[in-house]
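Visitor: This is a predicted model, with the sequence first.
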Amino acid sequence: MKKCILLCLVVLTPIAAYAAPSRTADLALSSDPSDGTQLHATWTTPSPASGCSLVSYDVRISSRSVGNRTWSRATQISGEPSVGTPGTTVNMVLTGLTKGTRYYIGLESTDTCGTSSVSNSPYQMTSNQDAPSLKSAAIVWSMPTDWYNPAVNFNYRLDGVNVYVGTSPGGPYDYAVIDIGYTTWYALSDYPDDGTMYYVVLTGYGYNLDTNQEYESAYSNEISF
């Protein structure tokens, strides 16, 4: 039996590669202190797949982190800007929002050959002097020192950790999904202190050096704050 310090590996089915724009990883949000009903989004125009042309953006907003698992439940925004030259900065103003409210956004880009995976999902709170109080928590853990499994002769390279946050014990953990890279601590901050209890689990992700496949471990033990 494989020995794990933090997490036990499970095999995930690899996703087949296909022609699509590059994934946006620098999506950012900022608030307008003079107007609590809008936020400003920026990102870099992605590169289309080879031989394809960039067509459009799909920007979605939610009260929870927007990712591949939660994309269909996020609200689509109208008025996305036209595509430009790859590498240039895109600006978009999100209007009609509620003051003192925390919003997450996500982005997909489409070219003539396919659609990218979902971008990173930044969050920002619209301005309001009476904004709700917030709470935070710091989490620490031990990294696995060896992902070698002699039972099946696989070698696993550990590349980083994902933090999953939910609002129900045992999941689903779709309030936020945060890729924090290779580290042993993380500060969860700016969570609304409105009586909601937050539940957190971790996974490790890495690479199988024998089969050239990416893997993500099972969930760790759950903590709450």
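Guide: That came in fine, so what should we check first?
Visitor: in its sheet, what does the biggest strand by length in the chain sit against?
Guide: With secondary structure taken from DSSP state E, the chain has its longest strand at strand 154-166. Its sheet considered, strand 154-166 pairs with strand 147-149 (antiparallel), strand 176-181 (antiparallel), strand 199-208 (antiparallel) by DSSP bridges.
Visitor: right, and Glu80 touches Val55 too?
Guide: No. In this structure, Glu80 sits apart from Val55 without contact. The criterion is CB atoms under 8 Å, and the distance is 11.2 Å. Any C-beta I mention is one placed from the backbone N, CA and C, and that applies to glycine too.
Visitor: quick revisit: would TSV of the strands paired with strand 154-166 with mean neighbour count and mean pLDDT be doable?
Guide: Putting these into TSV (neighbours: other CB atoms under 10 Å; pLDDT from 0 to 100) gives the following:
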stretch	mean neighbour count	mean pLDDT
strand 147-149	17	47
strand 176-181	16	88
strand 199-208	20	87
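Visitor: out of the ones you listed, which comes closest to Gln124?
Guide: With distances scored as CB to CB, the stretch of the strands paired with strand 154-166 nearest to Gln124 is strand 176-181 (13.6 Å).
Visitor: how far out from the middle of the chain is the closest one?
Guide: Centre-to-centre, strand 176-181 and its host chain are 6 Å apart (CA atoms, centre = their mean, to the nearest Å).
Visitor: rewinding a little: can you check which of the strands paired with strand 154-166 gets nearest to Ser72?
Guide: strand 176-181 (14.8 Å).
Visitor: State the next helix or strand along the chain beyond the closest one.
Guide: Moving toward the C-terminus from strand 176-181, the next helix or strand (DSSP states H and E) is strand 185-192.
Visitor: and the longest strand of the chain, C-alpha only, in CSV?
Guide: The C-alpha coordinates for strand 154-166 follow below in CSV (Å, rounded to 0.1, in the frame of the first residue of the first chain):
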residue,chain,number,x,y,z
PHE,A,154,5.0,4.9,-10.8
ASN,A,155,7.1,8.0,-10.1
TYR,A,156,5.1,11.1,-9.2
ARG,A,157,6.5,14.6,-9.3
LEU,A,158,4.8,17.0,-6.9
ASP,A,159,4.2,20.3,-8.6
GLY,A,160,1.8,22.2,-6.2
VAL,A,161,-1.3,22.3,-4.0
ASN,A,162,-4.9,23.3,-4.7
VAL,A,163,-7.0,24.7,-1.9
TYR,A,164,-10.8,23.9,-2.1
VAL,A,165,-13.3,25.9,0.0
GLY,A,166,-16.9,25.1,0.5
